[in-house]
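Enquirer: quick check, what structure comes out for this input:
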Amino acid sequence: MKDYQHTSLSSILLKYRETFHSVVPFEKGKDKFVALDLSAANKQLTEEIYADTTRFSHFVSAQIKSADANYAIGGYDELRVVYSRSDVFNSGTSADEPRRRHLGTDIWANAGTPVFAPFKGRIHSSAFNNSYGDYGATIILAHELDGLKFHTLYGHLSEADLKYSTGALIKGGQQFCSFGQPHENGNWPPHLHFQLIIDIGDYQGDYPGVCAEKHRQYYLQNCPDPELVLNFDRRIR
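Expert: Presented below is the predicted three-dimensional model:
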């Protein structure tokens, strides 16, 4: 994956950014997000909380409610302590580095929250990644803008959303999935993991959403800041 591809995709997405449909129901000037910090800097989020999905869900809901917000959001390029809750993110041997660096943006809200395609795409692949702490129900869309091909990944969905055939057209603005319950979303509080991917390689229904620190530079180049699409008036990194 070349640096120019990252630069080109960022430029193209910024060019069309104001035309994209919101990925979740959100009206600027009316609806509100609160930032959710899942790094070690957040001393309110203890291991006792994030190790228990029910307590973790209550914690997230309380953050949203206390801010009088519609959603909690955050996580791109965040070094997170919460991944220690699952062996999915731990290395195969004690000598290897565990994965803790988040590569997408998470939007937290109630299960059943609808998810819309920001622009036209086709179903690249889908899968039920059902290990504890994994994506759960996952859909990947393939897109092309101004001749550049790329992908968007939607993780932690409802299992019922895994109904599309490979290659099926998804129109911009079409609701095609929704936030899943913990039993179908990898045992997480309900949320959407949204990620941009330039070179998806041979992956089908899955792609790393968390990486080890030694691979951070590559993955951040291959997975640009989702704010380029989400357009929630947050600083692009």
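
Enquirer: below-threshold pLDDT in this structure: ranges please.
Expert: For the chain, residues meeting the criterion pLDDT under 70 lie at 1-5, 91-95.

Enquirer: in it, which spans are helices?
Expert: Under the criterion DSSP state H, helices of the chain are mapped to 3-16, 47-50, 53-66, 216-222, 227-230.

Enquirer: tabulate those (JSON lines), appending distance to A117 and mean neighbour count.
Expert: Every C-beta, even on glycine, is put in place using the N, C-alpha and C of the backbone. Listed next are the helices of the chain as JSON lines, based on distance: least, Cβ to Cβ, whole Å; neighbours: other Cβ atoms under 10 Å:
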{"stretch": "helix 3-16", "distance to A117": "14", "mean neighbour count": "15"}
{"stretch": "helix 47-50", "distance to A117": "30", "mean neighbour count": "14"}
{"stretch": "helix 53-66", "distance to A117": "24", "mean neighbour count": "16"}
{"stretch": "helix 216-222", "distance to A117": "21", "mean neighbour count": "16"}
{"stretch": "helix 227-230", "distance to A117": "10", "mean neighbour count": "21"}
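
Enquirer: between these, which one is nearest to V81?
Expert: The closest of those to V81 is helix 47-50. By Cβ to Cβ, the value is 7.6 Å.

Enquirer: only alpha carbons, please: show the closest one as CSV.
Expert: C-alpha atoms of helix 47-50 as CSV (Å, rounded to 0.1, in the frame of the first residue of the first chain):
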residue,chain,number,x,y,z
GLU,A,47,-11.0,-3.5,34.6
GLU,A,48,-13.9,-4.7,36.7
ILE,A,49,-16.2,-2.7,34.5
TYR,A,50,-14.9,-3.5,31.0
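
Enquirer: so can I have CSV of the helices of the chain showing distance to Q181?
Expert: Output for those, formatted as CSV (distance: least, Cβ to Cβ, whole Å):
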stretch, distance to Q181
helix 3-16, 31
helix 47-50, 18
helix 53-66, 10
helix 216-222, 29
helix 227-230, 23
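
Enquirer: which one of those helices lies nearest to K163?
Expert: Among these, helix 227-230 comes nearest to K163, with 23.7 Å by Cβ to Cβ.

Enquirer: in terms of secondary structure, what does the closest one contact?
Expert: With contacts taken as 3 or more Cβ pairs under 8 Å, 6 or more residues apart in numbering; DSSP states H and E, helix 227-230 sits against helix 3-16, strand 105-108, strand 191-197.
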